[in-house]
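J.: the following comprises the amino acid sequence and a computationally predicted model.
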Amino acid sequence: MIQAAQIREHMDVVGSDGGHVGRVDKVMGDEIELTKLDIAAGLRHHMIPITWVEMIDDDTLRLNLTKDAAKAAWRTKH
C-alpha cells in the first residue's frame, strides 16, 4: 500500500492508461490535492484518494483508474 509520505509535491499523476490526470500540489490526510495550475485539471483544485494510487515510478503516480475514470470521480475543491 502506498503511504502518504512517499508522495511529493509536483509529481505527475497519470491514469492506468498513461493519460495525464494532473500534478500533486499536496497531501491532505488520505487525499491528494492536485494543483490548479494545470490545463488538464481545468485550472481548479481536485482531490483524489490515496487509495487510487497503484504505484509510484520515479516522479510519477500511476493510478488504478484510467484518466477518464479518475476525472469523472475526482472531487472538486471549492
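T.: It's in.
J.: kindly state the beta-bridge partners for G22.
T.: Counting by DSSP bridges, G22 forms beta bridges with V13.
J.: who are the contact partners of it?
T.: Shown in contact with G22 (Cβ atoms under 8 Å, 6 or more residues apart in numbering): V13, L34, T35, D38, A40, A41, H46. (Each C-beta comes from the backbone N, C-alpha and C, glycine too.)
J.: hang on, the third one packs against H46?
T.: No. Using Cβ atoms under 8 Å, T35 makes no contact with H46, being 9.2 Å away.
J.: sorry, back to before: got a winner among the contacts of G22 for most neighbours?
T.: The residue in those with the most neighbours, by other Cβ atoms under 10 Å, is V13 (26 neighbours).
J.: show me where the chain has helices.
T.: Using DSSP state H, the helices of the chain run over 67-73.
J.: any idea of the pLDDT on the residue nearest in space to the middle of the chain?
T.: The residue lying closest to the centre of the chain (Cα atoms, centre = their mean) is V13, at 4.6 Å. Per-residue confidence (pLDDT) for V13: 96.
J.: my guess is it contacts H46. True?
T.: No. With contact defined as Cβ under 8 Å, V13 and H46 do not form a contacting pair (9.8 Å).
J.: between those two, what contacts are shared?
T.: The contact lists of V13 and H46 share G22, L34, where a contact means Cβ under 8 Å, 6+ apart.
J.: show me what contacts W52?
T.: Counting by Cβ under 8 Å, 6+ apart, the residues that W52 touches are L63, N64, L65, A70.
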